[in-house]
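Undergrad: Sequence first, predicted coordinates after that:
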Amino acid sequence: MKLIAALTGMTLLAASTVYAAPKTYQVTGPVLEVKDDMVVVQKGTEKWQIARDKETKVTGDLKVGSKVTIMYTMKAASIEAKEAAKAEKKEKKK
C-alpha cells in the first residue's frame, strides 16, 4: 500500500514539472505611450516597451498618464542555435 502511494506521488510530481507554465513577471509605472500593439511604461529611469495583441486583457482606462501594472511572460520570437564554443587549446606553442 505504501509503495502504491509513493509511486502515485512520484508520478504526479513528475507530471507537474512537465506542464509547468513559464514564469510570470510584472512591471508597474505610468504609461508614456499606447498603441494597438504596444504599451510603453516608465519604470525608474527606464522605458519598458511591452508588446500586446487582441488576446491581452485590459481592465480600466488604458491611456497616457495612467498608472498600470502589467503582467507578462518572456516568450522567444526566434532561436538561433550555434555550436558550443570549443575549449582553448591546452598546449600552446612556445
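TA: That came through fine. Residues are numbered from 1 along each chain as shown.

Undergrad: Any idea what Val39 is bridged to?
TA: Beta-bridge pairing of Val39, defined through DSSP bridges, involves Val34, Ile50.

Undergrad: How much space separates it from Ala84?
TA: The span separating Val39 from Ala84 equals 38 Å under the rule C-beta to C-beta, to the nearest Å. C-beta coordinates here come from the backbone N, C-alpha and C atoms, glycine included.

Undergrad: So these two - more neighbours on which side?
TA: Neighbour totals were compared for Val39 and Ala84, and Val39 leads with 22 against 6 (other C-beta atoms under 10 Å).

Undergrad: I figured that one hits Asp53, correct?
TA: No: using C-beta atoms under 8 Å, Val39 and Asp53 do not qualify as a contacting pair, with a distance of 11.5 Å.

Undergrad: quick one: the strands in this protein?
TA: 24-34, 38-43, 46-51, 67-73 (DSSP state E).

Undergrad: Can you add distance to Thr59 and mean pLDDT and give those back as CSV?
TA: As requested, the strands of the chain are exported to CSV (distance: least, C-beta to C-beta, whole Å; pLDDT from 0 to 100):
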stretch, distance to Thr59, mean pLDDT
strand 24-34, 14, 97
strand 38-43, 13, 97
strand 46-51, 15, 97
strand 67-73, 10, 97
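
Undergrad: among these, which is the most enclosed?
TA: Neighbour counts (mean count of other C-beta atoms under 10 Å) averaged over each of the strands of the chain peak at strand 38-43, with a mean of 16.

Undergrad: Tell me what angle that one forms with strand 46-51.
TA: Using axes from the mean of the first three to the mean of the last three C-alpha atoms, to 10 degrees, one finds that strand 38-43 and strand 46-51 are set 150 degrees apart in direction.

Undergrad: let's have the chain start at 33 instead
TA: Sure, I'll start numbering at 33, so the last one becomes strand 70-75.

Undergrad: Summarise which helices and strands strand 70-75 is packed against.
TA: If contacts are counted by 3 or more C-beta pairs under 8 Å, 6 or more residues apart in numbering; DSSP states H and E, strand 70-75 sits against strand 56-66, strand 78-83, strand 99-105.
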